[in-house]
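Student: Here is a sequence with its predicted model. Questions after.
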Amino acid sequence: MTIITVQSSYSPSRVPVIKNANFDQIPSWVSLKSSTSSVKISHKQGQVENLHLVSLSKHGKLNEAFEFFQEMDKAGVSVSSYSYQCLFEACRELRSLSHGRLLHNRMRMGIENPSVLLQNCVLQMYCECGSLEDADKLFDEMSELNAVSRTTMISAYAEQGLLNKAVGLFSRMLESGDKPPSSMYTTLLKSLVKPRALDIGRQIHAHVIRAGLCSNASIETGIVNMYVKCGWLVGAKRVFDQMAVKKPVAWTGLMVGYTQAGRARDALKLFVDLITEGVEWDSFVFSVVLKACASLEELNLGKQIHACVAKLGLESEVSVGTPLVDFYIKCSSFESACRAFQEIREPNDVSWSAIISGYCQMSQFEEAVKTFKSLRSKKAAVLNSFTYTSIFQACSVLADCNIGGQVHADAIKRSLIGSQYGESALITMYSKCGCLDDAHEVFESMDNPDIVAWTAFISGHAYYGNASEALRLFEKMVSCGMKPNSVTFIAVLTACSHAGLVEQGKHYLDTMLRKYNVAPTIDHYDCMIDIYARSGLLEEALKFMKNMPFEPDAMSWKCFLSGCWTHKNLELGNIAGEELRQIDPEDTAGYVLPFNLYTWAGKWEEAAEVMKLMNERMLKKELSCSWIQEKGKIHRFIVGDKHHPQTQEIYEKLKEFDGFMEGDMFQCSMTERREQLLDHSERLAIAFGLISVNGNARAPIKVFKNLRACPDCHEFAKHVSLVTGHEIVIRDSRRFHHFKEGKCSCNDYW
């Protein structure tokens with residue numbers, strides 16, 4: 001029994017009696033704190049205080065422990081090494097670097113020669129708290145090092161990706177005669193994740209063999225995964241085959257390696273071996289197998305895996321359900337993907353991203369936006385940046401700048417617009433919605449825009465018809481030291497095409513390889529064909545096609561055929577149509593454009609023959625659709641649409657312009673022709689826009705169309721802008737048209 005005698009403010013009623021070191025019998029913090037001012041405490045009293053300090057530390061009461069520590073310091077009570085050790089462990093577990101640093105400074109003053117055990121505790125605290133700088137400094141100061149010291153630093157270096165430091169210290173550890181623990185090998189192996197680390201991985205593997213640790217399943221698994229991550233699948237398979245005990249993680253690691261290397265069939269063969277050997281499955285195995293099936297688009301095999309998942313009752317597990325959703329989407333079985341998604345008990349951000357991106361892949365953009373809005377209103381999941389990027393894509397296709405802006409604001413609020421990829425998607429979205437000012441604002445806000453952002457912004461101006469600005473941006477980008485890529489030149493050549501800049505187009509195509517070391521592809525040559533064809537240089541375009549280093553593809557002939565239609569060259573148009581139908585008989589452009597040319601030329605028999613051929617092949621022209629947004633709602637119109645609630649008002653508005661007939665395309669007195677023109681989708685959308693603005697001439701009318709604007713409606717929009725004073729914007733499948741005071745921004749060059 002130990003009796004504490006206290007001078008000054010200790011009262012007899014508070015004298016604790018300690019029979020042993022049981023923490024439950026240590027005096028309370030309140031009683032000790034109130035009794036430590038101006039106290040002279042004997043050595044035995046210091047033992048009690050240290051026991052209480054240890055108790056607070058072990059129970060995670062770090063702030064209280066520090067307050068008590070300071071009171072002990074003021075009272076002159078010596079803090080034991082074990083107390084320091086417990087305090088450092090508490091700092092480490094709670095990741096409290098500030099407390100740890102203060103404690104370390106006090107320890108330096110209180111303990112002259114701390115033991116290696118205590119210093120290792122400090123070292124571990126710094127490493128766990130992420131301060132390698134402090135850990136490095138202490139490690140260099142330590143007069144005595146042991147295996148724990150070196151292992152701690154090697155693990156910290158490895159986890160932080162400081163491979164050279166980790167391996168260097170590992171080598172010195174071996175030279176010193178210290179025997180590394182097996183856990184250190186696994187930690188080191190986990191840090192070797194790139195092909196350049198393969199040689200180091202082989203050396204560590206050799207050390208494992210010399211140390212006789214080849215039978216350690218954890219280390220062997222680590223070696224397999226290391227070889228997989230370093231890209232040496234032959235070595236990984238060799239070690240795998242020699243393993244006496246193959247853990248599931250070794251199987252899945254090798255399967256992942258095969259899948260990522262494009263050897264999904266080998267991954268599936270390994271899965272069959274896993275089943276044959278009776279290895280216990282886990283949910284991760286299913287996710288890996290489903291990824292392999294997805295990469296091969298093996299729908300039937302994936303369905304069999306799904307049946308196994310359902311049999312084991314794992315459909316509701318997010319770790320299995322999400323790969324199932326992704327698998328079905330990649331196999332274009334979207335209904336199955338939706339059903340698999342509905343089975344997930346608690347979808348996470350990856351699950352929601354998968355289903356939303358699936359809607360986008362299936363061109364169900366409205367459904368993607370609808371799902372996103374529903375999700376945000378319910379706050380059902382924490383979404384990630386990839387989800388927002390998918391929604392930006394949907395908004396760009398729908399040309400829904402209002403929703404896009406709201407999603408942008410929501411993403412900023414949640415700090416999810418940090419990646420360059422996300423910002424580039426924003427630039428594309430605003431550009432395709434006709435909001436170049438917003439696109440410019442996003443671009444200017446970027447600290448260091450990458451090539452994707454530059455290309456998106458250049459492409460936006462090209463699509464908008466601002467060729468001079470697009471080319472200026474390109475030259476500015478190059479002057480900033482940014483190297484253009486293949487996609488950048490597509491944007492530049494598109495800008496030249498939309499403005500008839502033939503010589504500039506030839507210049508950029510010529511300098512791609514010579515100046516920028518970017519090899520032109522068939523896509524770049526198709527752009528050049530389009531430049532010639534749009535400019536009416538059809539003979540030059542044909543000569544260019546014959547001399548280019550690629551065989552003309554369907555797009556080559558389509559660009560040429562479009563130029564023939566624009567410039568009414570029936571002879572060359574007929575040749576182009578035949579070539580296009582031969583290369584791609586399913587492309588309706590090979591029938592529709594020649595039909596239009598024959599009709600224009602009055603060759604009705606030839607026109608009927610082309611249409612007959614199209615019908616025999618059971619092909620249908622893509623339905624023309626135009627839409628306009630009014631008060632946050634999208635209104636859609638197709639040719640001859642009479643389903644809109646304001647149909648009567650729309651057609652009455654169109655009849656106000658019925659007398660407008662001028663130009664070649666309008667020289668027709670047939671009543672039927674008038675009715676056909678009246679039914680065009682973009683006209684219906686323009687008429688609805690005029691009704692919606694209700695006489696406000698300053699309100700622009702924005703119409704979006706899925707196909708190229710027809711010449712009739714292009715002339716019609718010019719006339720309406722002149723008569724009504726409204727600015728009309730039409731975005732078709734090729735570019736933006738700004739109609740103002742009877743003129744279009746394309747200068748009739750489109």
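Tutor: Perfect, I can see it now. Residues are numbered from 1 along each chain as shown.
Student: any chance you could map the strands in the protein?
Tutor: 2-3, 17-18, 625-630, 633-638, 701-705, 728-731, 736-740, 743-744 (DSSP state E).
Student: can you list the domain ranges for this protein.
Tutor: The chain breaks down into these domains under automatic domain parsing: 448-517, 521-621, 625-744.
Student: just checking, which of those domains comes out with the lowest mean pLDDT?
Tutor: If you rank the domains of the chain by mean pLDDT, domain 625-744 sits at the bottom with a mean of 80.
Student: Kindly check the end-to-end length of that one for me.
Tutor: 21 Å (C-alpha to C-alpha, to the nearest Å).
Student: pLDDT below threshold where in the stretch 301-450 of the chain?
Tutor: Applying pLDDT under 70 to the stretch 301-450 of the chain flags residues 377-383, 417-421.
Student: tell me the helices in it, going along the chain?
Tutor: 318-330, 334-343, 349-361, 365-378, 385-398, 401-413, 420-432, 436-445 (DSSP state H, counting those that start in this stretch).
Student: what sits against Cys527?
Tutor: For Cys527, the contacting residues are 490, 493-494, 496-497, 505, 509, by C-beta atoms under 8 Å, 6 or more residues apart in numbering. (Glycine included, C-beta is placed from N, CA and C.)
Student: picking that back up, now render the domains of the chain as CSV, adding distance to Ala244.
Tutor: Below are these laid out as CSV (distance: least, C-beta to C-beta, whole Å):
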stretch, distance to Ala244
domain 448-517, 49
domain 521-621, 52
domain 625-744, 62
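Student: re earlier: what's the closest of the strands of the chain to Phe372?
Tutor: strand 633-638 (15.3 Å; C-beta to C-beta).
Student: I'd like to know how far the nearest residue to Phe66 once chain neighbours are set aside sits from Ser131.
Tutor: Leaving out its chain neighbours, the residue that sits closest to Phe66 by C-beta to C-beta, 6 or more residues apart in numbering is His99, at 6.2 Å. Remark: distance between His99 and Ser131 (C-beta to C-beta, to the nearest Å) = 12 Å.
Student: How many residues are close by the residue nearest to Phe66?
Tutor: Residues contacting His99 under the criterion other C-beta atoms under 10 Å number 21.
Student: One more: Ser182?
Tutor: So Ser182, with other C-beta under 10 Å, has 15 neighbours.
Student: for it, what are its contacts?
Tutor: 213, 216, 218-219.
Student: In the residues you listed, find the pair that's most separated.
Tutor: Every pair of these checked by C-beta to C-beta; the farthest is Leu213 and Ser218, at 9.5 Å.
Student: tell me, how many neighbours does Pro645 end up with?
Tutor: Neighbour tally, Pro645, other C-beta under 10 Å: 8.
Student: Look up phi and psi at it.
Tutor: In terms of degrees, to the nearest 10, the main-chain angles of Pro645 are phi -60, psi -30.
Student: Report the separation between it and Gly632.
Tutor: 16 Å.
Student: cool, Lys237 as well?
Tutor: Distance of Lys237 to Gly632, computed by C-beta to C-beta: 57 Å.
Student: who's more crowded, those two?
Tutor: Comparing Lys237 with Gly632 by other C-beta under 10 Å, the one with more neighbours is Lys237, at 18 against 9.
Student: If anything else comes up later, I'll come back, but that's it for now.
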